[in-house]
Structure formats: C-alpha cells, structure tokens
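Asks: Kindly generate the corresponding structure for this input.
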Amino acid sequence: MTPRLRGLLITALVALAAGFAGVGLGKLAFDRTHRQPSLHEVIHNELQLTTDQTQRIETLEADFAARKRALELEMRAANAELASAIREEHGYGPRVTGAVERFHHAMGQLQTETIRHVFAMREVLTPEQKQVFDNTVVSALTTEQQ
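Replies: Below you'll find the predicted structure:
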C-alpha cells in the first residue's frame, strides 16, 4: 500500500469515527425525548415490593395475561371476519357492520379488563406506593406518545 493510499484510508477512518462520535454527542446534547417508565417497570423496579406483594401481583398479572390473550384472539378473529366480509360485500354491508361491532366489543372488553387489572394491582400496594402508582398511571394516560 502506498503512503498516499494509506493516508487517505486513515483520513477516511478518522472522519467516519468523528461522524459517529458527533452523532452520539448530538443525541446526548439535543435529544430531549424522555421515555416514561412503563407501569410494569415502576411496579417491579421502583416500588420496592415485599415478597407477598410480588407474589400477589404476579398472580394478578398471570390471570390478566390469560384474559388478555383470549380477547386479542377474539379481535384477530373479528379482523379475519371483517376481511372476509369486505372481500364478499365490497361495501359497508351487514357482515362488515357485524365484524366491526364484534371487534369493537372485544376491544372494549380488553380496555375494561385492563382497567380492572390496574385497580386490582393498586389494592396490593401501600399508601405511599399507591401515590407513585397513581402518578404513573395518570402520566401514561395523559403524556403524548413519542
């Protein structure tokens, strides 16, 4: 390799490294987006649960996960029904309407189950933990998604 080619290669590598460093520093200095911790993260990482609280919440989470899976399967089935109805009706006919209503019902049930689950977990907490929990829930419901 000639000295001139080696110099160009070293210059290119230094420029590439400087570019990556600049992007990294720029993100640190100017990227002000801050991801809020999820409710799950707050419960398991910030509330300092007792062993009993952890066991009770894990039981609630397992029960909720099963109900959530069933409702998500129902929404997928409603979407498949909707696809079939659209293919056959080519308009907003009675089958399309029924599939949309089926999906909305399952989605509403999932939202209701989620809210019940949140309140059930809250009941396991101490008053101090409830305050952090409530703030996290309110923040999650009112903060714009990034």
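
Asks: residue ranges for the helices of this structure, please.
Replies: Taking DSSP state H to define them, one finds helices in the chain at 3-30, 39-41, 51-89, 94-122, 127-142.

Asks: The fourth one to helix 127-142, inter-axis angle?
Replies: Angle, helix 94-122 to helix 127-142, by axes from the mean of the first three to the mean of the last three CA atoms, to 10 degrees: 150 degrees.

Asks: same question, the third one
Replies: Computed by the same axes, to 10 degrees, the angle separating helix 51-89 from helix 127-142 equals 20 degrees.

Asks: Could you dump the helices of the chain into TSV and include mean neighbour count?
Replies: Yep, even glycine has a C-beta here, placed from its N, CA and C like the rest. Shown next, in TSV, are the helices of the chain (neighbours: other CB atoms under 10 Å):
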stretch	mean neighbour count
helix 3-30	10
helix 39-41	13
helix 51-89	14
helix 94-122	15
helix 127-142	13
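
Asks: got TSV for those helices, with mean pLDDT too?
Replies: Putting the helices of the chain into TSV (pLDDT from 0 to 100) gives the following:
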stretch	mean pLDDT
helix 3-30	72
helix 39-41	83
helix 51-89	94
helix 94-122	93
helix 127-142	89
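
Asks: OK, contacts around the residue nearest to the spatial centre of the chain?
Replies: Nearest to the mean C-alpha position of the chain, counting by CA atoms, centre = their mean, stands residue 38 at 7.6 Å. Counting by CB atoms under 8 Å, 6 or more residues apart in numbering, residue 38 makes contact with residue 140.

Asks: next one: residue 98
Replies: Here residue 98 is in contact with 81, 85 (CB under 8 Å, 6+ apart).

Asks: Repeat the analysis, applying 10 Å as the threshold.
Replies: Each residue near residue 98 by CB atoms under 10 Å, 6 or more residues apart in numbering is listed here: 78, 81-82, 85.

Asks: again, but for residue 57
Replies: 40, 43-44, 47, 49, 120-121, 124-125.
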